[in-house]
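> quick one: sequence and predicted model below, then my questions.
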Amino acid sequence: MQELYPWTRYVAIGDSFTEGIGDPEPDSPGGNRGWADRVAEVLGHSTEGFAYANLAIRGRLLSQVHSEQLEPALELRPDLISVSAGGNDIIRPGSNPDEVAHRVEALVAELRRDDATVVLFTGPDIGMTPVLNRMRGKVAIYNENIRAIAQRHDAVVADMWSLRELSDSRMWAPDRLHFSAIGHHTVARMVLKSLNVSNELEPFRPEPLPPRRWREARVEDIGWAREHLMPWVLRRVRHQSSGDNVSPKRPGF
């Protein structure tokens, strides 16, 4: 017997994580698939007339998600909303995780005004990520705030911090900032579990990776810094965004 779920209209808002960057798929709108598309596909299989919109745009800061995506999302009258915003703010030098979380709570309060189910995300454990691992403590503080916000507003927490599979390098795209296809797949399984939705998405069962020599790892780190880290830093300095001139991939139902 097919299970029935209470949601018929799902809207995803946020940044590159929700847009699906790192999971290229030429046949998907915008050229990327991602975890949110996978969640919508599972929910759509069980619900006749299910509708899905994705307003997320790469590079967006929390203030931009609030100003650009909140009202268009609510105008679609969703009964399920996922929001992942604030990550780009947290990794900026000098950011305050408590202040960012305070602004997230204001956004969540507005998203809950029509009693939609709201899904929030904790940040992943970035302790194994070069450069970004220096911000691990800030992410941990931010995550505790997210859990408290969810409790106050009766929201669902999709807990990436506790998803230990994400420590595997195969979960990450070559830029080490976004998830790979298998990473997005794994996050989708976790989100569905958080919503208590059964699914047939296969868990990740990797073969052990061969050990890497120190010199080989350093060469890879240098190549990564040149190809991915420096362009990211330069965009920050120039106040540019990878999402400049990018439109939502699924702006409506």
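Cool, the structure landed.
> quick one: pLDDT of the spatially closest residue to residue 178 that is not a sequence neighbour?
Sequence neighbours aside, residue 22 is the residue nearest to residue 178 in space, at 3.3 Å (criterion: CB to CB, 6 or more residues apart in numbering). C-beta: built from backbone N, CA, C; applies to glycine. On the pLDDT scale, residue 22 is placed at 94.
> angles on the backbone of residue 22, please.
Note on residue 22: its backbone torsions stand at phi 100, psi -10 [degrees, to the nearest 10].
> residue contacts, it?
16, 32, 34, 172-173, 175, 178-181, 183-184 (CB atoms under 8 Å, 6 or more residues apart in numbering).
> of those - the most surrounded one?
Highest neighbour count within the contacts of residue 22, by other CB atoms under 10 Å: residue 34, with 32 neighbours.
> and the closest residue to it other than its chain neighbours, what is it in contact with?
Counting by CB to CB, 6+ apart, residue 20 is the residue found nearest to residue 34 once chain neighbours are left out, at 2.1 Å. With CB under 8 Å, 6+ apart as the criterion, the residues that contact residue 20 are 28, 30, 32-37, 54, 184, 249.
> in strands, which of the residues you listed fall?
With strands taken from DSSP state E, the overlap with the contacts of residue 20 comprises residue 54.
> by neighbours, which of the contacts of residue 20 wins?
residue 34 (32 neighbours).
> that one touches residue 185, doesn't it?
No - if you go by CB atoms under 8 Å, residue 34 and residue 185 don't touch, sitting 9.5 Å apart.
> buried ones in stretch 4-14?
7, 9-14 (16 or more other CB atoms under 10 Å).
> and stretch 35-47, by the same measure?
Here stretch 35-47 shows 35-40, 42-43, 47 as buried, counting by 16+ other CB under 10 Å.
> just put the residues you listed in CSV and tack on pLDDT and distance to residue 159.
Shown next, in CSV, are the buried residues of stretch 35-47 (pLDDT from 0 to 100; distance: CB to CB, whole Å):
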residue, pLDDT, distance to residue 159
35, 98, 14
36, 98, 17
37, 98, 21
38, 97, 18
39, 97, 15
40, 97, 20
42, 95, 19
43, 95, 20
47, 86, 25
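> quick check: the residue nearest to residue 34 vs residue 185, distance?
11 Å (CB to CB, to the nearest Å).
> common neighbours of these two, please.
With CB under 8 Å, 6+ apart as the test, residue 20 and residue 185 both reach residue 35.
> flag the shaky bits of the stretch 51-200 of the chain, pLDDT-wise.
Along the stretch 51-200 of the chain, segments meeting pLDDT under 70 span 128-132.
> where do the helices sit along it?
For the stretch 51-200 of the chain, the helices defined by DSSP state H, counting those that start in this stretch occupy 62-64, 70-75, 87-90, 97-111, 136-153, 181-194.
> who wins for proximity to residue 120 among those helices?
helix 136-153 (5.2 Å; CB to CB).
> helices and strands around that closest one, which ones?
helix 87-90, helix 97-111, strand 117-122, strand 156-159 (3 or more CB pairs under 8 Å, 6 or more residues apart in numbering; DSSP states H and E).
> pick the most deeply packed of those.
strand 117-122 (a mean of 23; mean count of other CB atoms under 10 Å).
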